[in-house]
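In: sequence and predicted model, in that order:
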Amino acid sequence: MTKRNPFKEKTTSYEDFKTMSDLKWHCVKCQLKSGQAKTWQVWRQSGIQLDTDEKGNFYKTIFCAKCKNKTVHRKLKSLKILEDTKIRSGLPQKLAKKIKEVLKFQEALFLRKMIPRELEIDHKFPQVRWNKNEDENKSDMPEKEIKDKFILLTRSNNLLKSRYCEKCYRTAKRGNFPGIYFWFKGDEKWDKKIDKHDKKGCEGCFWFNPYKWREELNKIVKNK
């Protein structure tokens, strides 16, 4: 069992891991410093085991004695760092380079061509909905699979996508492109008939496939 804090001293994650090492639930409002949803995804990708509530969420909404309100709490399930989960975030360097080339170094939110170091590779299907590790991403991945699986985003837009996707997972209320309430398949509510870990529930949402979303919206505009 690995009990050593995996983070660099004096960092936010170091302090949060230290706080959570008692394996108890901690309020994100008054006990933890990490406020970004992406932070907890990165923790899980790194092999850190977060506990879940009764519904399988990686958080628990319970009463906080200090805040005097119901708030989101996080908890470590174990101090052991799992090695096999790293496959979820680890992309071979050769594949990462190929992905950016295939996607033409274009940032998916605003269609800007950017230099490679300004772009992050993100899965279309949000990791907050994964219930198992994905298959190994091989360096010779076909272009079609790359386009089906990944998009490129800036760091800030990647965090924005994570917020929308985590909120959707928590509330079953799907995200939208800010100010435009359009889903080319389904509507604002996650289809109750679709399992929360099935990417079919994401179809029609801007954050799942911004390219297809624009294409379908433009068809409507053209026909008008």
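Out: Great, that's in hand. Numbering: from 1, shown residues only.

In: where does this protein dip in pLDDT?
Out: Counting by pLDDT under 70, the ranges of the chain that qualify are 1-3, 35, 45, 83-90.

In: so where do the helices sit in it?
Out: With DSSP state H as the criterion, the chain has helices at 12-20, 37-45, 93-102, 143-149, 155-171, 210-223.

In: for those helices, give me a markdown table that also has mean neighbour count and distance to residue 62.
Out: Using the backbone N, CA and C atoms, a C-beta is placed for each residue, glycine as well. Shown next, in a markdown table, are those (neighbours: other C-beta atoms under 10 Å; distance: least, C-beta to C-beta, whole Å):
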| stretch | mean neighbour count | distance to residue 62 |
| --- | --- | --- |
| helix 12-20 | 17 | 15 |
| helix 37-45 | 19 | 17 |
| helix 93-102 | 16 | 39 |
| helix 143-149 | 13 | 36 |
| helix 155-171 | 18 | 14 |
| helix 210-223 | 13 | 35 |
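
In: how about these in a markdown table, adding distance to residue 137?
Out: Shown next, in a markdown table, are the helices of the chain (distance: least, C-beta to C-beta, whole Å):
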| stretch | distance to residue 137 |
| --- | --- |
| helix 12-20 | 25 |
| helix 37-45 | 13 |
| helix 93-102 | 6 |
| helix 143-149 | 8 |
| helix 155-171 | 18 |
| helix 210-223 | 21 |
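
In: what about those helices, which gets the closest to residue 122?
Out: Closest to residue 122 of those is helix 155-171 (C-beta to C-beta; 5.4 Å).

In: ok and the closest one relative to helix 37-45, angle-wise?
Out: 80 degrees (axes from the mean of the first three to the mean of the last three C-alpha atoms, to 10 degrees).

In: of the helices of the chain, which is nearest residue 133?
Out: Per C-beta to C-beta, nearest to residue 133 of those: helix 37-45, 10.1 Å.

In: for the closest one, C-alpha coordinates in CSV please.
Out: Taking C-alpha atoms only, helix 37-45 is exported to CSV below (Å, rounded to 0.1, in the frame of the first residue of the first chain):
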residue,chain,number,x,y,z
ALA,A,37,-14.1,19.2,-11.5
LYS,A,38,-11.1,18.4,-13.7
THR,A,39,-8.9,18.1,-10.7
TRP,A,40,-10.7,15.0,-9.4
GLN,A,41,-10.7,13.5,-12.9
VAL,A,42,-7.0,13.9,-13.0
TRP,A,43,-6.7,12.2,-9.6
ARG,A,44,-8.6,9.2,-10.8
GLN,A,45,-6.6,9.0,-14.0
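
In: could you check the angle helix 12-20 makes with that helix?
Out: 70 degrees.
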